[in-house]
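Visitor: Sharing a sequence plus its predicted fold:
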Amino acid sequence: MAFTIVLGIVVDDSIHFIFKFRDSKEKMNVEEAMAKTYQFVGYAITATTIAFVVNGLILYFSSGFVANAILGAVMVIILIAAWLCDLFLMPALLVLYYQRQEQAVLPSIEEGVDMGDVA
């Protein structure tokens, strides 16, 4: 049960981050797009994570029912791990992906190859 609750929150945060980065990437380079994404989305992801971690801690410490206490503890652990991945691992992966994509397109532009003709 904890996994399904947290999965929805984590996926929502990740999609929010990716879509803002892709939107920013259309108008600026990778580094500027990442900085703008952090400014726009970083606070929102952190705020939702804090809210749900506090909720999990309250559930853990105030529940007399062991299953609910375990649910709260698991939620806290998964949410913190997901927050770290959303704000540190995913940006690194996005930067690597888009930098490699730009490097792959650059030689074909220099050679005069139209990427629309490549199957």
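Guide: Noted; the coordinates are in hand.
Visitor: Number of residues surrounding Asn68?
Guide: 14 (other Cβ atoms under 10 Å). C-beta coordinates here come from the backbone N, C-alpha and C atoms, glycine included.
Visitor: Next, work out how far apart it and Gln99 are.
Guide: Using Cβ to Cβ, to the nearest Å, Asn68 is found at 45 Å from Gln99.
Visitor: for the biggest helix by length in the chain, what is the average pLDDT?
Guide: For the chain, the longest helix by residue count, based on DSSP state H, is helix 2-25. For helix 2-25, the mean per-residue pLDDT is 90.
Visitor: cool, and stretch 100-114?
Guide: 67.
Visitor: So which residues of the chain form helices?
Guide: 2-25, 30-37, 43-62, 66-84, 90-111.
Visitor: Can you give the distance of the second one from its chain's centre?
Guide: Meaning helix 30-37. The chain centroid and the centroid of helix 30-37 are separated by 14 Å, computed with Cα atoms, centre = their mean, to the nearest Å.
Visitor: What residues sit buried inside that helix?
Guide: By neighbour count with 16 or more other Cβ atoms under 10 Å, helix 30-37 contains the buried residues Val30, Ala33, Met34, Lys36, Thr37.
Visitor: What is the nearest of those to Val6?
Guide: Nearest to Val6, judged by Cβ to Cβ, of these is Thr37 at 22.4 Å.
Visitor: The longest helix of the chain: how far from the chain's middle?
Guide: 5 Å.
Visitor: Remind me what that helix packs against, helices and strands.
Guide: If contacts are counted by 3 or more Cβ pairs under 8 Å, 6 or more residues apart in numbering; DSSP states H and E, helix 2-25 sits against helix 30-37, helix 43-62, helix 66-84, helix 90-111.
Visitor: Go through the ones you listed and name the closest to Asp13.
Guide: helix 43-62 (4.7 Å).
Visitor: And for Ile5, the neighbour number?
Guide: Ile5, neighbours per other Cβ under 10 Å, totals 17.
Visitor: Surely it touches Val74?
Guide: No. At 9.4 Å, Ile5 does not count as touching Val74 under the criterion of Cβ atoms under 8 Å.
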